[in-house]
Every structure is written in structure tokens, then in C-alpha cells.
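> Here is my input, please return the structure:
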Amino acid sequence: MSMKLARIARIALPLLLLAGLLAAPASAQTPVNLTVTVKDHKFQPAELAAPANVPIMLRVKNLDAKPMEFESVSLRVEKVVTPNSEGIIRIRPLAPGRYTFFDDFNPDTTGVLVVK
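Prediction:
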């Protein structure tokens, strides 16, 4: 490799790496961590808030003695959480709005995620 080519490579390689980092997809963003608990067939809190356009990591804690299924049509997620345990749901970055969720095993158990 010629000296001139080696010099160009030394300069260009860091610039290419930097450009790759800056062009990283939105999914590489640090997610917002939220937690919702289910006890006595009720979500606590029943309303969660999150910023728009940021991934969400939702921890669902089931403190009841029966399994529950966290489900949301608008969020396009569903997850069974066994009794006295927890599950993690990764949610894509969302546009502002209200996203309802419920326990599919107890449909009267409802909540909402408000994204602003």
C-alpha cells in the first residue's frame, strides 16, 4: 500500500465509522423503562405516560395468583405473565396518542399508555 493510500485510509476510516454511528436506526435509542403492576385484576397505575418516538421497555408485574395476558391491539402486543412473576414487553417508538391495553383473561382489567 502506498504512503498516500495509507494516509487516506487513516483519515477516511474514522470518518466512515462516525457516519455509521450517526446513521444508526431509531431502534438503537435507549428505551424508556415503564412498569405496570396487576393486583386484584387491576392495572396499577391504570395510566402510563411515555415520550413519543422513543422505544419503550414495559415491565408487567403480575402479583395475582392467576395468570394474566397483557394485550393491546393498538400496540400490537400480547404476553402471558404467570402468577407472581413479571414479563418484559419491548414496544417500538410510537407516535403521540392513547394506546389502550387490557388483560385478555379478565377483559374488565384495562389501562392506557399516553404518548406525548
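
> so where do the helices sit in this structure?
For the chain, applying DSSP state H gives helices covering 3-22.

> center of it, which residue is that?
Centroid check for the chain by C-alpha atoms, centre = their mean gives Ile56 as the closest residue, at 2.4 Å.

> Would you quantify the distance from it to Leu34?
Per C-beta to C-beta, to the nearest Å, Ile56 is found 6 Å from Leu34. Using the backbone N, CA and C atoms, a C-beta is placed for each residue, glycine as well.

> Could you tell me which residues touch both of those two?
Both Ile56 and Leu34 are in contact with Ala50, Leu113, where contact means C-beta atoms under 8 Å, 6 or more residues apart in numbering.

> residue ranges of the strands in this structure, please?
Applying DSSP state E to the chain gives strands spanning 32-39, 42-44, 47-50, 56-62, 68-72, 77-81, 85-91, 97-103, 106-115.

> Let's have the ones you listed in TSV, adding mean pLDDT.
Formatted as TSV, those follow (pLDDT from 0 to 100):
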stretch	mean pLDDT
strand 32-39	98
strand 42-44	98
strand 47-50	98
strand 56-62	98
strand 68-72	98
strand 77-81	97
strand 85-91	98
strand 97-103	98
strand 106-115	97
